[in-house]
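**Student:** I'd like to go over a predicted model; first the sequence, then the structure.
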Amino acid sequence: MNFGDIIQKGGPAIWPLLFLSILSIGTIIERLWFWSVILRGERKTADQILEAARRDWDEATHLARQVTAQPMGRFLYTPLRLANKEPEIFRLALEASADEELNSMRRGHKVLEAVIAIAPLLGLLGTVLGLIQSLTGLNGGGTSSLANVPNGIAAALISTAVGLIVAIVSLAFYRLFQGLLFHQSLIFRRTGNELELTYRQFWLQSQTMASTAQSSGFEGTKKLTGY
């Protein structure tokens, strides 16, 4: 059976199923391209920014600003541009940035979810309509009508088969994208934790140095005034 036979015998439900299949394929191709771009060199970008943060926060901020076209760059640049802020504010900026990026990575998931839910139902509807049409033809049709019933039932089942194929393929890629999203959340969490720890160490050192300088200034003033 070729594509023309499927269209001819699929019944009225085959056209919305074809639309859903095109919608699903387009979404899958777009998401595959999206993830292939993200996963290529992302770990290297994160390591470069973290290494720069251990040396100089301005350098790390500059590096992150240069790669804001990538989710990892945007994720790290959001807290880095808040340099010299309290660690809690830095952590909240990291969390907010991670949530925003992960939500944007879910684009297309709702489309696949809709296709997974609707395609089998459309296929079943097409089968039911085909069966009704085949069985209705039995009224007064004689032996020739009975001979055509198996062919009618077989044609009616085409829409169910197409609906299941569309749903299964969409579900497989949906699970793949869900796994990639979960993996990305782990990378964000690990990278964010490393950056936050580095920033807390930097903040503690800067506070200690400021406190020492203030104490030294106070002691110098005390010696000069005699109090």
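**Tutor:** Done, it's in. Numbers count the residues shown, from 1 in each chain.
**Student:** now do the contacts for L80.
**Tutor:** 49, 53, 57, 60-61, 64, 195 (Cβ atoms under 8 Å, 6 or more residues apart in numbering). In this view, the C-beta of every residue, glycine as well, is placed from N, C-alpha and C.
**Student:** need the pLDDT of it.
**Tutor:** L80 is assigned 87 on the pLDDT scale.
**Student:** show the average pLDDT along stretch 15-26.
**Tutor:** 92.
**Student:** do stretch 132-141 as well
**Tutor:** 66.
**Student:** and stretch 200-213, by the same measure?
**Tutor:** 77.
**Student:** cool, stretch 64-72 as well?
**Tutor:** Per-residue scores along stretch 64-72 average to 89.
**Student:** kindly report the same for stretch 49-60.
**Tutor:** 88.
**Student:** make 22 the starting number, not 1.
**Tutor:** Shifting the count to begin at 22 puts that one at stretch 70-81.
**Student:** pull the residues that contact that stretch.
**Tutor:** Against stretch 70-81 from outside (Cβ under 8 Å, 6+ apart): 84-85, 88, 94, 97, 101, 104, 212, 215-216, 219-220, 223.
**Student:** list the buried ones in it?
**Tutor:** 70-71, 73-74, 78, 81 (16 or more other Cβ atoms under 10 Å).
**Student:** surely G184 is in contact with I137?
**Tutor:** No - between G184 and I137 there is no contact under Cβ atoms under 8 Å: 10.5 Å.
**Student:** can you map out the helices along this protein?
**Tutor:** Using DSSP state H, the helices of the chain run over 24-30, 35-60, 63-76, 78-87, 92-101, 108-126, 130-157, 163-246.
**Student:** counting contacts, what elements does the second one pack onto?
**Tutor:** Applying 3 or more Cβ pairs under 8 Å, 6 or more residues apart in numbering; DSSP states H and E, we find helix 35-60 packed against helix 24-30, helix 130-157, helix 163-246.
**Student:** okay if I get the ones you listed as TSV plus distance to E51 and mean neighbour count?
**Tutor:** Putting the helices and strands packed on helix 35-60 into TSV (distance: least, Cβ to Cβ, whole Å; neighbours: other Cβ atoms under 10 Å) gives the following:
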stretch	distance to E51	mean neighbour count
helix 24-30	24	13
helix 130-157	10	18
helix 163-246	11	15
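**Student:** and these: which comes nearest A117?
**Tutor:** A117 lies closest, by Cβ to Cβ, to one member of the helices and strands packed on helix 35-60: helix 163-246, at 11.0 Å.
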